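Asks: The following block contains a protein sequence and its predicted model.
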Amino acid sequence: MKKLATLAATLLISTSVFASTQVVHSDKHFNTDSFANKAQAYEAGFDYLDNLKDLSDAELRQKLLIISQTPATDIEINNSKVFVEEFSQARGEVAYRAVIDVDYNFTTLQNDN
């Protein structure tokens, strides 16, 4: 029994040695509501981006829909852009919405087993 416990402990320790960290890069797009002019749409887009940057890792995991086999940590938003898209839902009516392109990365464990 003692040998079995020692073997189990050794296997547990040796498998954790094979786990290494990896940085995952990804992006996600968000859209705002519609606005009457481009300036309002840009302002809403940058406000949205500022709010994202203020979120905790746990909140960012949910907002960005980060799915990984091990918990994602050190989530960073970088190189994000705001675009304004012109569209119409009815003839003669033009509206604008911001499209926020969020580039982000996070660290997770990679198991090499």
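Replies: Perfect, thanks for sending it. Numbering: from 1, shown residues only.
Asks: so what does the host helix or strand of Tyr96 touch, helix or strand wise?
Replies: Per DSSP states H and E, Tyr96 falls inside strand 93-111. Under the contact criterion of 3 or more Cβ pairs under 8 Å, 6 or more residues apart in numbering; DSSP states H and E, strand 93-111 touches strand 19-31, helix 38-53, strand 73-90. Quick note: C-beta positions are derived from backbone N, CA and C, even for glycine.
Asks: now the angle from the longest one to helix 38-53?
Replies: Orientation of strand 73-90 against helix 38-53 (axes from the mean of the first three to the mean of the last three Cα atoms, to 10 degrees) gives an angle of 160 degrees.
Asks: hang on, the earlier thing: quick one: buried residues of the strand holding Tyr96?
Replies: The neighbour-count check on strand 93-111 (16 or more other Cβ atoms under 10 Å) flags Ala95, Tyr96, Arg97, Ala98, Ile100, Val102, Tyr104, Asn105, Phe106, Thr107, Thr108 as buried.
Asks: tell me how far that strand is from the chain's mean position?
Replies: 7 Å (Cα atoms, centre = their mean, to the nearest Å).
Asks: That one to strand 73-90, inter-axis angle?
Replies: Interaxial angle, strand 93-111 versus strand 73-90 (the same axes, to 10 degrees): 160 degrees.
Asks: about what we covered before: most packed of the helices and strands packed on strand 93-111?
Replies: A comparison of the helices and strands packed on strand 93-111 by mean neighbour count, using mean count of other Cβ atoms under 10 Å, puts helix 38-53 on top with a mean of 16.
Asks: Following it in sequence, what is the next regular element?
Replies: Once the chain leaves helix 38-53, the next helix or strand it forms, by DSSP H and E, is helix 57-63.
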